[in-house]
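Asker: Build me a model from this:
(chains A and B)
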Number of protein chains: 2
Amino acid sequence: MTAISLLPIHGIPEVRPGDVLAELIIAAAGTDPGLRNGDVLVVTQKVVSKAEGRLVAVDMDILDDHKRLVLDEAVRVVRRRVSERGELLITETRHGFVCANSGVDLSNVDEGFAALLPLDSDRSARRIRDGIRGHLGIEVGVIISDTFGRAWRKGLTDVAIGCAGVAGVVDLRGSEDANGRQLHVTEVCVVDELAGAAELVMGKATGVAVAVVRGVDPEWLREGSVRAEVVRSPQEDLFR
Amino acid sequence: MTAISLLPIHGIPEVRPGDVLAELIIAAAGTDPGLRNGDVLVVTQKVVSKAEGRLVAVDMDILDDHKRLVLDEAVRVVRRRVSERGELLITETRHGFVCANSGVDLSNVDEGFAALLPLDSDRSARRIRDGIRGHLGIEVGVIISDTFGRAWRKGLTDVAIGCAGVAGVVDLRGSEDANGRQLHVTEVCVVDELAGAAELVMGKATGVAVAVVRGVDPEWLREGSVRAEVVRSPQEDLFR
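Answerer: Below you'll find the predicted structure:
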């Protein structure tokens, strides 16, 4: 296994509804770090939601307006907790993601607006991948990332909510381990590890919305889908 | 933000009880990739458990012998599922980790043996960090990683079960977002993102047990603890 580089892309301008992200990314990547065949681009949900016009007005003076949005975006409330800091809803979104507040986000958007998750974040990833292929004639993987909490562990990590051109889960079932013994189940969710890795060069407050992961195992660069490979169906899930 | 490199360390020999991991890592790292001030080393649990003698005999012909070990290592069974593939126990370990089979692992160890988690994986990380400081006079962060499943999402990812010299969670509460608006809660579990990133250059079957993450934000390089910062107490947890 060879090295992997995590490279932030600086200089992407404020994204507006209708902007073509592939073009903004190509311009900002320039020649350093540039974009190369086999790169995996990780793009944060916020700029995808902005480009796709997934912004809605929210009246912060009406206490329930945020909650109404959260419930509109949810298919079920998985957990609810009321504390001195307010009400927290862990919900399941239409995509099948389980996360806080249905992914409705008030940070890094203009005052008075909230960003909703893309309607189909695998499709959002395909659109960027296809745009880069069309403009540069290269094959890249694209991941749309968002920042989610987890059960059992404190702190948030970035995970994949959509992907294209890169595997969601790599199945190592049946590969031999280093001792020649069968590995029974090792299905690695590389798309979440890639999303989390990219976050390390983004930071939350620096405005870096895209990073390049360079040096990824070429075998992972196949058509992928977070919805099909990563989302666990409620029937299979022990925790909702 | 500048680039981060993920560098596998090849050539660590089969680890035996009593081996000093810091010395094995220094020897294998050599001059390429070497070890530098500010590097974060990610060391997989398996070699730590071997070095610390956390191997126990398991008789695979006795069907319940593996289960007995799992229950011995657990403080509670969080979920239990029986399927055609057998019984799966999601347990809480003494450390407070919630994972499959209390982290008892039969892969990549000699036939007839199972590897248990280190008794105190933060301490295991400190021991490696101190050893490298003693031999090379440099300050590195050390993460002990293991491969866990998650609620709601398919596939496994590597997470941190211990750390030293690197933060568990970086608290960005109160930092301003790119629009100058207050970020209300952004506590990023960088230690899990670092562990997952390192896995990308390890693979499950290649025998690479240690990787270097080079270029990490120096502000994250403080004394850290997975137990204190990342493990969510049962009282605070909505999912057990």
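
Asker: pLDDT wise, what is A:N179 at?
Answerer: pLDDT recorded at A:N179 is 61.

Asker: An error on my part: the question was meant for A:D61.
Answerer: Turning to A:D61, the model gives it a pLDDT of 75.

Asker: would it count as being in a strand?
Answerer: No. Counting by DSSP: H, G, I helix; E, B strand; the rest coil, A:D61 is not found in a strand; it is coil.

Asker: Give me the buried stretch members for stretch A:20-37, please.
Answerer: By neighbour count on 16 or more other C-beta atoms under 10 Å in any protein chain shown, the buried set for stretch A:20-37 is A:21-22, A:24-26, A:28-29, A:33, A:35. The way it works is simple: take the backbone N, C-alpha and C, and place the C-beta from them, glycine included.

Asker: Let's check: the centremost residue of chain A is which one?
Answerer: With distances taken as C-alpha atoms, centre = their mean, the residue of chain A nearest its centroid is A:S145 (1.6 Å).

Asker: Am I right that it is in a helix?
Answerer: No. Under the criterion used here (three-state DSSP), A:S145 is strand, not part of a helix.

Asker: who touches A:G86 in this structure?
Answerer: By C-beta atoms under 8 Å, 6 or more residues apart in numbering or on different chains, the contact set of A:G86 is empty.

Asker: Longest strand in chain A, please.
Answerer: Ranked by residue count, the top strand of chain A under DSSP state E comes out as strand A:74-83.

Asker: buried ones in it?
Answerer: Buried residues in strand A:74-83, counted by 16+ other C-beta under 10 Å: A:74, A:78.

Asker: gap between it and the chain center?
Answerer: Here the centre of strand A:74-83 is set off from its chain's centre by 22 Å, with C-alpha atoms, centre = their mean, to the nearest Å.

Asker: and A:V142, which of the three is it?
Answerer: Here A:V142 is recorded as strand under three-state DSSP.

Asker: Can you get me the start-to-end distance on stretch A:80-100?
Answerer: End-to-end span of stretch A:80-100 (C-alpha to C-alpha, to the nearest Å): 10 Å.

Asker: and stretch A:71-79, anywhere near chain B?
Answerer: Yes. Using C-beta under 8 Å from any C-beta of the partner chain, stretch A:71-79 reaches chain B at A:R79.

Asker: Show me what the mean pLDDT comes to for that stretch.
Answerer: 95.

Asker: Let me have it in CSV, keeping just the CA atoms, if that works.
Answerer: Provided in CSV are the C-alpha atoms of stretch A:71-79 (Å, rounded to 0.1, in the frame of the first residue of the first chain):
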residue,chain,number,x,y,z
LEU,A,71,-40.1,17.2,11.1
ASP,A,72,-40.9,18.0,7.5
GLU,A,73,-37.6,16.4,6.5
ALA,A,74,-38.1,13.4,8.7
VAL,A,75,-39.9,10.1,8.1
ARG,A,76,-39.6,9.2,11.8
VAL,A,77,-38.4,10.5,15.1
VAL,A,78,-35.9,7.9,16.4
ARG,A,79,-35.1,9.6,19.8
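
Asker: Residues contacting it, please?
Answerer: For stretch A:71-79, the surrounding residues in contact (C-beta under 8 Å, 6+ apart) are A:89-94, A:98, A:102-104, A:116-117, A:240, B:238-239.

Asker: Over to stretch A:111-120?
Answerer: For stretch A:111-120, contacts defined as C-beta under 8 Å, 6+ apart pick out A:45-46, A:48-50, A:52, A:54-60, A:66, A:69, A:73, A:93, A:95, A:97, A:102-106, A:108-109, A:124, A:144, A:146, A:161-162, A:227, B:179, B:181.

Asker: could you flag which of those residues are buried?
Answerer: Applying 16+ other C-beta under 10 Å to the contacts of stretch A:111-120, the neighbour count classes A:45-46, A:48-50, A:52, A:54-56, A:58, A:66, A:69, A:73, A:93, A:95, A:97, A:102-106, A:108-109, A:124, A:144, A:146, A:161-162, A:227 as buried.

Asker: which one of the buried residues of stretch A:20-37 is nearest chain B?
Answerer: Taking C-beta to the nearest C-beta as the measure, chain B lies nearest A:P33 of the buried residues of stretch A:20-37, at 7.8 Å.

Asker: I'd guessed the closest one sits against A:I9; true?
Answerer: Yes. A:P33 lies in contact with A:I9 (C-beta atoms under 8 Å); the separation is 6.8 Å.

Asker: How is chain A partitioned into domains?
Answerer: Split into domains by automatic domain parsing, chain A comes to A:5-49+A:118-233, A:55-117.

Asker: Tell me which of these is the most buried.
Answerer: Highest mean neighbour count of those: domain A:5-49+A:118-233, a mean of 20 (counted as mean count of other C-beta atoms under 10 Å in any protein chain shown).
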